[in-house]
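S.K.: Sequence first, then the predicted structure:
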Amino acid sequence: MRLLSISDLHLAHAQNREALATLRHYPEDWLIVAGDVGERPDYLRLALDTLVPRFARVVWTPGNHDLWRSEARGGTRGQDRYDELVAICRSRGVLTPEDPYVDWPGAPRTFLVPMFLLFDYSFRPAHVPADLAVAWARESGVVCADERRLDPFPFPTRAAWCHVRCEATEARLRDLPHDAHTILINHWPLRYDLARPPRIPRFSLWCGTTRTHDWARRFNARAVISGHLHLRTTLWRDGTRFEEVSLGYPRDWRRERGLDWYLRDVLSDAPPYFVPLRDPFHDERRHHGAAGR
C-alpha cells in the first residue's frame, strides 16, 4: 500500500485529459489530488470518474483554478462553488477537507489532513505594506488571475476567507490525539520560503499564508503535500518532508513519460524531485505576467 499524490491536472488542456485516460490501475494504493483539476466542476467529475475506479481511495482538496468563476458561463462562486465541489467528491466516496481526518492504514496513527486554506497576501517582504502588496507585485509584471476570477463571496475578501479557513482547520488539528502524526495536504504551500518561483518571486503573494509556517512542526507532519507552483520538488524543512507534486500545463511536463511517472509516493525513499532546468513560469512572465496561475 502506497500513498501517491499529484496536483494541477489542469484538465482544460486536451493533452492532460488524454494523459489522464491512459493512467494505469493502482488497486492497493491511495491517491491525493491536491487541487487545480480544472476551472469547471465538470472537470472534477471527469477526473474522479477516472481516478476512483483506479485507486483504493482518493483524497481531494481544491486549488484556485477549481474555484474560478467563469465570466462567460456564470455558475456558482465563492463558498457555493466550494460546496458544489465537495458534493461532487462525496457522491463518489472521495475524502475532502470537510470530512473527518482518516487514519491512513499504511502508517497507523498517521492522519491524512486535506486542507482548504487559500492565501492572504502575507507571503511578501516585511517592508511591503499589506495594502500595497498587489501594486508591489504588479511592478514586476505579475498579477494573478485570482484577482478577478476567484470570488470570495460571501466573505468580504479572499484574505478574510483564508483566515476563517485557517482558524477552523487549526482547531481541528489541535483536536487530534497528542501522539498522532499527520500528512498535511493543501494546494498552496504552507511556508513562504517554499513559495517564491525563481523568475517571478512576487507571485508568492497568491501562494499561501504565514499563519501556517510552523504547522508541520506543531502537528507532527511526516510529510506536507502541495501544488500550485508547477515546480516539482522534494525539500526538507525542520526535519519534515515537503513535496510539491504538480503536473501542470502541457508545457510543464513530458508527454512521453505519461501521467503515471508524475505520481509521487510521498512516504517512499525514492529519489526526490528537483526543480526542472526550464522554469515553467518563464514564458508566462514574459508574455502574460502570471495571470494563468
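M.R.: Noted; the coordinates are in hand.

S.K.: in what helix or strand does residue 100 lie?
M.R.: For residue 100, there is no enclosing helix or strand under DSSP states H and E.

S.K.: got a pLDDT number for it?
M.R.: You'll see residue 100 listed with a pLDDT of 97.

S.K.: quick one: the helices in the stretch 151-293 of the chain?
M.R.: 158-174, 215-218, 282-288 (DSSP state H, counting those that start in this stretch).

S.K.: State the distance from the residue of the chain most remote from its centre to residue 79.
M.R.: In the chain, residue 127 marks the outermost C-alpha relative to the chain mean, sitting 27.7 Å out by Cα atoms, centre = their mean. As judged by Cβ to Cβ, to the nearest Å, residue 127 and residue 79 stand 34 Å apart. C-betas here are computed from N, CA, C, even on glycine.

S.K.: Now do the same contact list for the closest residue to residue 209 other than its chain neighbours.
M.R.: Spatial nearest neighbour of residue 209, chain neighbours left out: residue 120 (4.5 Å); criterion: Cβ to Cβ, 6 or more residues apart in numbering. In this structure, residue 120 makes contact with 158-159, 162-163, 209, 211, judged by Cβ atoms under 8 Å, 6 or more residues apart in numbering.

S.K.: 7 Å - rerun?
M.R.: For residue 120, the contact set (Cβ atoms under 7 Å, 6 or more residues apart in numbering) comprises 159, 162-163, 209.

S.K.: So, low pLDDT: which residues of this protein?
M.R.: Applying pLDDT under 70 to the chain picks out residues 71-73, 269-293.

S.K.: that older thread, would you mind pointing out the helix or strand the residue nearest to residue 209 falls in?
M.R.: Taking DSSP H and E as the definition, residue 120 sits outside all helices and strands.

S.K.: can you check residue 18 too?
M.R.: In the assignment (DSSP H and E), residue 18 maps to helix 14-21.

S.K.: next helix or strand past that helix?
M.R.: Past helix 14-21, further along toward the C-terminus, the next helix or strand under DSSP H and E is strand 26-34.

S.K.: Next, the angle from whatever helix or strand comes next after that next one to helix 14-21.
M.R.: Scanning forward in sequence from strand 26-34 by DSSP H and E, the next helix or strand is helix 41-51. Going by axes from the mean of the first three to the mean of the last three Cα atoms, to 10 degrees, helix 41-51 is angled at 30 degrees with respect to helix 14-21.

S.K.: in helix 41-51, what's buried?
M.R.: Neighbour-count burial for helix 41-51, counted by 16 or more other Cβ atoms under 10 Å, picks out 41, 43-48, 50-51.

S.K.: looking just at contacts, which helices and strands does that helix meet?
M.R.: Applying 3 or more Cβ pairs under 7 Å, 6 or more residues apart in numbering; DSSP states H and E, we find helix 41-51 packed against helix 14-21, strand 26-34, helix 78-90.
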